[in-house]
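Student: with the sequence up front, the predicted model follows.
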Amino acid sequence: MTRDKIKEKVSNYVDSKWVKEILPYVTVHDVPKEIREHVINISVSILCTKWGVSYGGGSFVQAICDNDLYKTFRVADNINERFIKFYVELFHNDPTF
């Protein structure tokens, strides 16, 4: 599967989970489009890194993939720290594509 195909599938997955499963991870329900795109891009990077597709992710993505909880929180930006639970669930429970 290509990175573009994974992004398409992840976008659909995020859209299907957004209200019931993703928004509870944040305190503000009026999440800007840029944050949604950031979550999609990090999710794609996590799955591409896990599956060896394209190039590996950055330090945050690598920490998620390495199951390194300390590093995950240490290197997370202010957006990613709110979505760590979602990313871990995505990594360990591959969405059905």
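Tutor: Received, thanks.
Student: for the protein, just list every one of the helices.
Tutor: 3-17, 33-51, 59-65, 69-75, 84-92 (DSSP state H).
Student: from those helices, which stretch is densest packed?
Tutor: helix 59-65 (a mean of 21; mean count of other CB atoms under 10 Å). Where you see a C-beta, it was placed from the backbone N, CA and C, and this is true even at glycine.
Student: centre of the chain versus that one, how much separation?
Tutor: 10 Å (CA atoms, centre = their mean, to the nearest Å).
Student: start to end distance for stretch 76-84?
Tutor: 9 Å (CA to CA, to the nearest Å).
Student: coming back round to it: switch the helices of the chain over to CSV; also include mean pLDDT.
Tutor: Below are those laid out as CSV (pLDDT from 0 to 100):
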stretch, mean pLDDT
helix 3-17, 83
helix 33-51, 90
helix 59-65, 97
helix 69-75, 97
helix 84-92, 90
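Student: tell me which residue is most central in the protein.
Tutor: Among the residues of the chain, the one closest to the centroid is Ser43, at 2.7 Å (CA atoms, centre = their mean).
Student: ok, now which ones touch the closest residue in space to that residue that isn't next to it in sequence?
Tutor: Nearest non-adjacent residue to Ser43, counting by CB to CB, 6 or more residues apart in numbering: Val10, 4.8 Å away. Val10 sits next to Ile40, Ser43, Val44, Leu47, Pro95 when contact means CB atoms under 8 Å, 6 or more residues apart in numbering.
Student: what sits against the residue nearest to the centre of the chain?
Tutor: Ser43 touches Val10, Tyr13, Val14, Phe86, Tyr87, Leu90, counting by CB under 8 Å, 6+ apart.
Student: just curious, which of those is nearest to Thr72?
Tutor: Tyr87 (8.4 Å; CB to CB).
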